[in-house]
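[1] need a 3D model of the sequence below.
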Amino acid sequence: MYKVFVNDIPIILSTEKKIGKQYTSIPLKLAKFKKLIKKINNGELLYVNLYHKNPEKLEKFLRKKLPVVEAGGSMVFNYKKEILFIRRNKKWDLPKGKVEKGETYEEAAIRETMEETGVKHLEVKRFITKTYHVFKRNDKFKLKVTYWYEMYTDYNGPLIPEPEEGIKKVRWKNFEKTQKALQDSYENIKLLFPKEYLTTHPNDRIPQV
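    Below you'll find the model as predicted:
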């Protein structure tokens, strides 16, 4: 199954015809992808499932329908088990950016993290997953495929936002602050986190007297 986010609304691509009563299910071969994107942007469609019995067809379909921008991104931990966040477009996000010619996905993730945050001494621990989202550039829809890596650093120096990329803040966040940040983040970013980060304590929802 794939989730392709359009303004935080997922288009599901799966091998199942029925995934829920609220979903409009469309055979992959009949799907008009750009029209679906426009309907989601206009608020006309919230639940859509594109299906094909062959899972290999799903990502191939995506890559044929829109120009693809490939990126590398990171979830960086320090020795305190804090996670590195950036603040951009009034949302909490993780460092990421476009893969340059001749780079691997890992190399792009490391370079972009250093450029966007000032953090150094990055060590890649593992590949996490890929995420997909649609964005508009020069009045054309494009598909960003981001390859995410878990990293570790012992860096303890200053955090330096990259203003050219619209980054306003860079922060290390502990477990509690990460939970709060994810309430003001993107749905594709939330996919990277274990469930315990996405569940706030019941007391957080009780108004303080």
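
[2] in the sheet, who's paired with Trp172?
    Counting by DSSP bridges, Trp172 is bridged to Leu84.

[3] pLDDT wise, what is it at?
    Per-residue confidence (pLDDT) for Trp172: 98.

[4] can you list contacts of the top strand by length along the chain?
    The longest strand of the chain (DSSP state E) is strand 123-137. For strand 123-137, contacts defined as CB atoms under 8 Å, 6 or more residues apart in numbering pick out 2-6, 37, 62, 66, 75, 106, 109-110, 141-153, 186, 188-189, 191-192. C-beta coordinates here come from the backbone N, C-alpha and C atoms, glycine included.

[5] show the contacting residues for the residue lying closest to Val170 once chain neighbours are set aside.
    Closest residue in space to Val170, ignoring its immediate chain neighbours: Leu159 at 3.9 Å, by CB to CB, 6 or more residues apart in numbering. By CB under 8 Å, 6+ apart, the contact set of Leu159 is 117-119, 170-172.

[6] before we move on, what about Ala181?
    Taking CB under 8 Å, 6+ apart as the test, what Ala181 contacts is 85, 92, 173.

[7] mind telling me what element the second one is part of?
    Secondary-structure assignment from DSSP states H and E places Trp92 in strand 91-93.

[8] now that strand: buried residues?
    Buried residues in strand 91-93, counted by 16 or more other CB atoms under 10 Å: 92-93.

[9] can you name the next helix or strand after it?
    Next along the chain after strand 91-93, taking DSSP H and E as the criterion, comes strand 96-98.
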